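> curious how this folds, go ahead:
(chains A and B)
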Number of protein chains: 2
Amino acid sequence: MSEKIVINEVGLRDGLQIQPKFVPTAGKLELCHALIDAGVRAFEATSFVSPKAVPQMADAAEVWAGLPLDKGVDYSALVLNEKGYERARDAGAKVFAVALASTETMNQRNINMGLEQATKSFAGIIARAKKEGFKTRAYVSTALGCPYEGEVSVKVVLDLAEKMMAAGADRLAIADTIGAGNPKLCETIIKAVVKEHGAERLGVHFHDTRAMAMTMSWISLQEGVREFDSSIGGLGGCPFAPGARGNVATEDLAFMFNDSGYETGIDVAKLRRAVMVAERLTGLKLGGRITDWWVSQERKAAAKAAIAAE
Amino acid sequence: MSEKIVINEVGLRDGLQIQPKFVPTAGKLELCHALIDAGVRAFEATSFVSPKAVPQMADAAEVWAGLPLDKGVDYSALVLNEKGYERARDAGAKVFAVALASTETMNQRNINMGLEQATKSFAGIIARAKKEGFKTRAYVSTALGCPYEGEVSVKVVLDLAEKMMAAGADRLAIADTIGAGNPKLCETIIKAVVKEHGAERLGVHFHDTRAMAMTMSWISLQEGVREFDSSIGGLGGCPFAPGARGNVATEDLAFMFNDSGYETGIDVAKLRRAVMVAERLTGLKLGGRITDWWVSQERKAAAKAAIAAE
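Sure thing, here's the model as predicted:
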C-alpha cells in the first residue's frame, strides 16, 4: 500500500462559500498561492453555481483564470448542473466535481431536484464531461447523515456510488457533509465502498462538527483511501446544511499523516502562513487543534534564536 | 469483546495540577459531583505529592475526605513515593496510581530519581500496597515520547510495563503524558503491550497536544482497551513537562464512544454543566471540540421550546 497521500484543499470552495464577507478574487488567489508554497498540490478551487445562491462564488471564472497552472497542481471545479458545467468548462476547468446528496430532501434544498432526478442529472454531467474529454470526481454527499432526514442507509450510499461510477466517474468521494458520522459508521461505509469499487479511486470528505473527523480520516486511511479533503484552518460549513461546521483542518490532517510516516508533500510549518492569510481574508479566528502547539514551538524557536544571537 | 467502556476522569488531578489559581476543596468536590451527575464513575481524584512542588494538590486529604463514596464510584490517588502512599492510605485511599516515566531525565525531573531507582521505588510501592490489601494502577508515562529525551523505544515501554506487572500491579496504563504520539506509534505500542499483558487490565492516557488523542483512543479501543483517561473540558497539562497540553476532553471522548454504540454510562449533555463548573473554578475557557456543536444544539432546542410555549 502506498505511503503517498493526496490532500485535496477545499478551503477555497467549501471553506469560503458560507462566509458572509466577500473575499475578493485576489484574496482567494493569495490563499491558493500560500497553500501551494506549503506543498499543497490539489484543490477544489471554486464552484460554478448560482451567484444568487452562493454570492461568495460569484467570481468563479475570475478565480479560475488566475489559478497558477504551472506548478503541477491539480484543480477541480464543483458544478451542480449543466449550466454550471458549461461555465466551468468555458472558464478552463478540466476536472469537474459533482455532489449527489444521499437523500431526497438534501437534494431538494441543494439543487431543487429529488434524489432520482438529481442522480440522473449528475450521471448526465459525468457522461458529458467524459465525452468531451474531461475528468470527473463524484461525491456522494451527506452519506453519513442528512440534516433533514437523519440516518442514511449504507445500501443507499452504495447504490448512488454505483450509479456515479456506472456513469463514468473517474473518482468517487464519500462526504460527511455535516459531520454527522462516527468512527464505527465510517468504517462500515468505507469498507463497503472499498469492497465494491476498490480504494484506488476513492476519496473522503469529513467535517469536524462532532470532533471525529481526524479519527474517521485515519480509519479511511487504514481501509486504503489515499485522498482526503480538508480546509485550511478548519474553515467552512455549508449554507444549506444547518449545524454544519468546518472541514477537518488541513494542518491537523497533514501533520498526523506526516508524523505517522506517510507522505503528504506538505510542509506543515508553512501552512501557518496560509492560516494567517485565511484569517485576514475572512476576519475569523481560524486554526486546527495544533495551533497552540505551533505557537509554542515558534516561541521556543524564537527564544533559542535570541539566545544564540547574544 | 465488551461494549462497556470506563472513562477515568483525571481532570481533578492531571487537569487541575498545573492551574496557577488554587481551586478550593469545595470547588474540586463540586466538580466531582457535577461529573458524577453526568454518569462518570471513575476518577483519579487527587495526588498525594509535595505541596511545595504542586500547590494545587495541597488539599489532597481534604478532597479525599469529601469524596461522595456512596454512589458506586471508583477513586484512585496518585502517589509518587512511600510518603505519598502513606498519606493517601491514611486519608482513606484504596486504589493507588503510580507513574513511572519511561526515561532517565523525566524521572529525574518528576521525582528526582533515575529510571532504575524509580522503577525499584514504584515496584516497592506496588508490592507494599498489595501486601496491605489495596489495589494499584501502574502508569508507564511519557511512553510515546519524552519532552527531554524525545523518542522512547517500544522495548523500554514493554520492559517497564513488565516490571510493574511483575511487582503486582492490578492494572497497567500507557500514558502519552505530553501528547507526543501519533496513531502509527500508538498502534505499535498498544499492540505490543496487549500481546504481552492482554487488554483486560490495560488503560490508556492521551493528551491532545497535537490533535491526535481522539484517534489514538479509537485505535486503542480497536486493540481491546476499554479504560480511557480524559479530563473534562480538556483541562490540563503537566507542570514538569514543557509543551504538554490538556488531556483528551471527556465530552469528546464519551460522545465518540456513545455515538459509535459503546456504553460509557455518561450522559454527554450533562457534562456541559461540569465544563461550566470547571470554567468558573479555573477562570479558563474550556471545552472539547464538540462545544460549538453543543451550543448550537442547545440554541435549537431553546428555539423549539419557545415556539412550543407560544
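> run a quick neighbour tally on the closest residue in space to A:Gly246 that isn't next to it in sequence.
In this structure, A:Gly246 finds its nearest non-sequential neighbour in A:Gly236, 3.5 Å apart by Cβ to Cβ, 6 or more residues apart in numbering or on different chains. C-beta coordinates here come from the backbone N, C-alpha and C atoms, glycine included. As a burial measure, A:Gly236 scores 27 neighbours (other Cβ atoms under 10 Å in any protein chain shown).
> contacts only, for A:Gly236.
A:Val10, A:Gly11, A:Asp14, A:Gly15, A:Ile18, A:His207, A:Ala244, A:Arg245, A:Gly246, A:Asn247 (Cβ atoms under 8 Å, 6 or more residues apart in numbering or on different chains).
> okay, now the first one: neighbour count?
What it means is A:Val10. A:Val10 has 28 nearby residues by other Cβ under 10 Å.
> ok, now the one 5 residues further on?
Neighbour count of A:Gly15, defined by other Cβ under 10 Å: 27.
> my read is that it contacts A:Asp229, right?
No: the criterion here is Cβ atoms under 8 Å, and A:Gly15 misses it with A:Asp229 at 10.3 Å.
> give me the common contacts of these two.
Residues touching both A:Gly15 and A:Asp229 (Cβ under 8 Å, 6+ apart): A:Asn247.
> and the furthest pair within the contacts of A:Gly236?
Maximum pairwise distance among those (Cβ to Cβ): 14.6 Å, between A:Gly11 and A:Ala244.
> neighbour count winner among those two?
Neighbour totals were compared for A:Gly11 and A:Ala244, and A:Gly11 leads with 31 against 24 (other Cβ under 10 Å).
> surely that one is in contact with A:Ser231?
Yes: with contact defined as Cβ under 8 Å, A:Gly11 counts as touching A:Ser231 (3.7 Å).
> shared neighbours of the two, anything?
A:Asn247, A:Thr250.
> what score does the closest residue in space to A:Thr105 that isn't next to it in sequence have for pLDDT?
Of all residues not flanking A:Thr105 in the chain, A:Tyr148 sits nearest, at 3.8 Å (Cβ to Cβ, 6+ apart). Per-residue confidence (pLDDT) for A:Tyr148: 93.
> check A:Arg299 too.
77.
> count the residues that sit near it.
Around A:Arg299 there are 10 residues (other Cβ under 10 Å).
> that one and A:Asp292, how far apart?
A:Arg299 sits 11 Å away from A:Asp292, going by Cβ to Cβ, to the nearest Å.
> name the residues contacting each of the two.
Common contacts of A:Arg299 and A:Asp292, defined by Cβ under 8 Å, 6+ apart, are absent altogether.
> so where do the strands sit in chain A?
Along chain A, counting by DSSP state E, strands occupy A:6-9, A:42-48, A:74-79, A:95-101, A:135-141, A:171-176, A:202-206, A:227-230.
> between the contacts of A:Gly236, which is closest to chain B?
Using Cβ to the nearest Cβ, A:Arg245 comes nearest to chain B of the contacts of A:Gly236, at 6.6 Å.
> what does the stretch 51-200 of chain A have sitting close to chain B?
The stretch 51-200 of chain A comes close to chain B at residues A:Gly179, A:Asn182, A:Pro183, A:Lys184, A:Leu185, as judged by Cβ under 8 Å from any Cβ of the partner chain.
> the residue nearest to A:Ile126 when sequence neighbours are not counted: what's it in contact with?
In this structure, A:Ile126 finds its nearest non-sequential neighbour in A:Ala167, 4.2 Å apart by Cβ to Cβ, 6+ apart. By Cβ under 8 Å, 6+ apart, A:Ala167 lies in contact with A:Phe122, A:Ala123, A:Gly124, A:Ile126, A:Ala127, A:Ala138.
> let's have those residues in CSV, adding pLDDT and neighbour count.
Output for those, formatted as CSV (pLDDT from 0 to 100; neighbours: other Cβ atoms under 10 Å in any protein chain shown):
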residue, pLDDT, neighbour count
A:Phe122, 98, 29
A:Ala123, 98, 19
A:Gly124, 98, 15
A:Ile126, 98, 27
A:Ala127, 98, 15
A:Ala138, 98, 28
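> helices - which of the residues you listed land there?
Those of the contacts of A:Ala167 mapping onto helices are A:Phe122, A:Ala123, A:Gly124, A:Ile126, A:Ala127, per DSSP state H.
> reformat these as TSV; add distance to B:Leu115.
As requested, the ones in helices among the contacts of A:Ala167 are exported to TSV (distance: Cβ to Cβ, whole Å):
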residue	distance to B:Leu115
A:Phe122	61
A:Ala123	64
A:Gly124	67
A:Ile126	61
A:Ala127	66
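> so which of the residues you listed is the closest to chain B?
For the ones in helices among the contacts of A:Ala167, the nearest to chain B is A:Phe122 (29.6 Å; Cβ to the nearest Cβ).
> could I get the contacting residues of the closest one?
So A:Phe122 contacts A:Val98, A:Ala99, A:Leu100, A:Ala138, A:Met164, A:Ala167 (Cβ under 8 Å, 6+ apart).
> now, the most widely separated pair of the residues you listed?
Longest span within the contacts of A:Phe122, Cβ to Cβ: A:Ala99 and A:Ala167, 14.0 Å.
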